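What follows is a predicted structure for the sequence shown.
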Amino acid sequence: MSETVNAPAHNFRLRHNGLGRLVFVDADGGEHEGAIPVRAFPIGAPDEGIALVSADGHELAWIERWSDVAPEIRKTIEAELATREFMPEIGRIVGVSSFATPTIWEVETNRGNTSFTLKGEEDIRRLPQSALLISDSHGIQFLIRDTKVLDKHSRKILDRFL
């Protein structure tokens with residue numbers, strides 16, 4: 001069980017119960033077990049707009065920016081987000097098995113080298129500011145934050161699918 005941390009700009013506390021679930025304690029001492037942090041804009045503005053919601057989806061608190069909360073609260077929330085969010089960032093496309101889908105992609109990510117199966121071109125979504133979101137055959141999403149910073153080899157492969 002972790003210690004309770006207070007949020008000075010907000011009138012709530014966070015703690016983990018004996019089962020490791022996040023407990024939101026409101027100003028009146030009411031406890032909401034199974035609180036979940038959710039980013040409003042996980043790709044475009046990951047450090048702005050974080051909601052703490054109850055297990056049934058009701059908003060318990062809104063954090064406009066990290067500077068609004070104590071460092072201990074931020075650390076607790078970031079740890080919770082890390083357990084929920086898994087979106088490796090592709091830094092380089094090593095190769096693809098073919099240019100016809102489905103195809104196996106070999107990539108280097110911020111979480112290590114891996115391979116995944118791309119079922120079709122429709123599984124590559126364009127996002128603002130030259131970003132792409134690629135969903136593999138298992139539903140795992142890979143992010144390319146900026147296609148312009150990829151190496152020439154990676155961009156050439158990517159162009160064949162866009």
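Good, I have the coordinates.

What residues of stretch 151-162 count as buried?
Buried residues in stretch 151-162, counted by 16 or more other CB atoms under 10 Å: 154, 157-158, 161. In this view, the C-beta of every residue, glycine as well, is placed from N, C-alpha and C.

do stretch 86-102 as well
By 16+ other CB under 10 Å, the buried positions in stretch 86-102 come out as 88, 90, 93, 96.

What does Ile77 show for phi and psi?
Main-chain torsions, Ile77, degrees, to the nearest 10: phi -70, psi -40.

tell me the contacts of it?
Contacts for Ile77 (CB atoms under 8 Å, 6 or more residues apart in numbering) come out as 14, 37, 50, 52, 63, 69.

same question, Ile43
Taking CB under 8 Å, 6+ apart, one finds 127, 131, 133, 143, 145 in contact with Ile43.

Among those residues, which lie within strands?
Using DSSP state E, 127, 131, 133, 143 are the members of the contacts of Ile43 that sit in strands.

Redo these as CSV? Include neighbour count and distance to Ile77.
Shown next, in CSV, are the ones in strands among the contacts of Ile43 (neighbours: other CB atoms under 10 Å; distance: CB to CB, whole Å):
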residue, neighbour count, distance to Ile77
Leu127, 13, 24
Ala131, 16, 24
Leu133, 15, 23
Leu143, 18, 20
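
Which of these sits closest to Pro42?
Pro42 lies nearest to Leu143 out of those, by CB to CB, at 9.4 Å.

was I right about the closest one contacting Phe86?
No. Using CB atoms under 8 Å, Leu143 is not in contact with Phe86; the gap is 10.8 Å.

farthest pair in the contacts of Ile43?
Across those, no pair lies farther apart than Leu133 and Arg145, at 10.1 Å, counting by CB to CB.

and the nearest residue to Gln129 once chain neighbours are set aside, backbone torsions?
Leaving aside its chain neighbours, Gln129 sits nearest to Asp146 (6.8 Å; criterion: CB to CB, 6 or more residues apart in numbering). With angles defined as degrees, to the nearest 10, Asp146 sits at phi -150, psi 110.
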